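Asks: Kindly generate the corresponding structure for this input.
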Amino acid sequence: MQAEGSVSRRDMLKTFVAGAAIAAPALANAEIDYANLPYLGGSDKIDVNNANIRVYTKLPGMYPSIAGIIAKNGPYQTVEDIYKLPKLSAEQKEIVKKYEKNLVALEPAPEYQEDIFNNGLYR
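Replies: Below is the predicted model:
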């Protein structure tokens, strides 16, 4: 016997199933993988707007100083915007120029902005 005003398990299950049926089409459209995932460290190209600064260790001379400046001052419309940064010395700009073919400026993705400075080294 149920107390007055309580909800039965059966009614709760019906509500859950109905909610799941409504949410299913939205879940079917969810982005499973970030399309630009290779540019976050899995290819020879690095996305200057979304890649973590640790990825720049693949390019000698870029990490940590230049990588930090790039990550801190983005997002960029184009890779060439990096050369406009007043914090980069002429020598640093030459290093960036050396690797320019390895850099791309893709649309910033909010889910990657949070960890852009996390270099993966925990102490």
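
Asks: Flag every buried residue along the helix or strand hosting residue 111.
Replies: Per DSSP states H and E, residue 111 falls inside helix 110-113. By neighbour count on 16 or more other C-beta atoms under 10 Å, the buried set for helix 110-113 is residue 112. No exception for glycine: its C-beta is placed from N, CA and C like everyone else's.

Asks: Ok, stretch 46-62 next?
Replies: Neighbour-count burial for stretch 46-62 [16+ other C-beta under 10 Å]: 46-56, 59, 62.

Asks: before we move on, what about stretch 71-78?
Replies: So, applying 16+ other C-beta under 10 Å, buried residues of stretch 71-78: 71, 73, 74, 76.

Asks: go on, stretch 100-115?
Replies: Neighbour count says stretch 100-115 has 103, 104, 105, 106, 112 buried, by 16+ other C-beta under 10 Å.

Asks: Make TSV out of those and add secondary structure, distance to residue 92 and pLDDT.
Replies: Formatted as TSV, the buried residues of stretch 100-115 follow (DSSP: H, G, I helix; E, B strand; the rest coil; distance: C-beta to C-beta, whole Å; pLDDT from 0 to 100):
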residue	secondary structure	distance to residue 92	pLDDT
103	strand	14	98
104	strand	19	97
105	coil	18	97
106	coil	22	96
112	helix	24	83
